[in-house]
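In: Build me a model:
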Amino acid sequence: MGKFIKSSTRGMSHNNRLAKLVNVIAHMTDNRYFPEPWKATALSIAILSAIADRYGASIIAAARGDRDNIATRNENSVEVQGIMDKLANYVELEASDNMAAIRSSGFDLRRQRSRTTSPSPTPTPTPTPMPTSDAPAFVS
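Out: This is a model prediction of the structure:
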């Protein structure tokens, strides 16, 4: 996926995936860095909200154990993951390297490896041999 954003919801429960989507919707609503319409995504707050509502309803329906409802919930889950990926790509593209903008989106961020330069290795001093004597050492 992206350089900064962790958009994958794989391994999450359906309720946690829905909560993640709702969080992103809340953060993207009236976001000054990402005003609507979102170019090239064919997405909007209204569309995301409708998808979240449909996914939430399918989660509740699937809890009854009906196979058709479970299949619908799983299809909606795949759709949500695709939308999260698409929106995360858009955010990274529009924000470039503006971390304030990226953080404002509501997505989780990937851990960034620090890029510190290590100084040239210093040689390890070799231990100097201690003088030995035949007499045992006593400490008083």
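In: Sticking with Ile83, tell me its helix or strand.
Out: When elements are defined using DSSP states H and E, Ile83 is found to belong to helix 67-95.
In: helices or strands up against that helix?
Out: Applying 3 or more Cβ pairs under 8 Å, 6 or more residues apart in numbering; DSSP states H and E, we find helix 67-95 packed against strand 5-6, helix 14-28, helix 45-62, helix 99-103. Heads up, the C-betas are built off the backbone N, CA and C, glycines and all.
In: Can you check what angle separates the third one from helix 14-28?
Out: Meaning helix 45-62. Angle, helix 45-62 to helix 14-28, by axes from the mean of the first three to the mean of the last three Cα atoms, to 10 degrees: 170 degrees.
In: Restrict helix 45-62 to CA atoms and write it as PDB.
Out: Output in PDB follows, covering the C-alpha atoms of helix 45-62 (Å, rounded to 0.1, in the frame of the first residue of the first chain):
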ATOM      1  CA  ILE A  45     -18.800  11.700   2.300                       C
ATOM      2  CA  ALA A  46     -22.400  10.900   1.200                       C
ATOM      3  CA  ILE A  47     -21.200   7.800  -0.600                       C
ATOM      4  CA  LEU A  48     -19.000   6.700   2.300                       C
ATOM      5  CA  SER A  49     -21.800   7.200   4.800                       C
ATOM      6  CA  ALA A  50     -24.200   5.100   2.700                       C
ATOM      7  CA  ILE A  51     -21.600   2.300   2.400                       C
ATOM      8  CA  ALA A  52     -21.000   2.500   6.200                       C
ATOM      9  CA  ASP A  53     -24.800   2.300   6.900                       C
ATOM     10  CA  ARG A  54     -25.200  -0.600   4.500                       C
ATOM     11  CA  TYR A  55     -22.200  -2.400   6.100                       C
ATOM     12  CA  GLY A  56     -23.500  -1.800   9.600                       C
ATOM     13  CA  ALA A  57     -26.900  -3.200   8.700                       C
ATOM     14  CA  SER A  58     -25.300  -6.300   7.100                       C
ATOM     15  CA  ILE A  59     -23.300  -6.900  10.300                       C
ATOM     16  CA  ILE A  60     -26.400  -6.800  12.400                       C
ATOM     17  CA  ALA A  61     -28.300  -9.100   9.900                       C
ATOM     18  CA  ALA A  62     -25.400 -11.600   9.800                       C
END
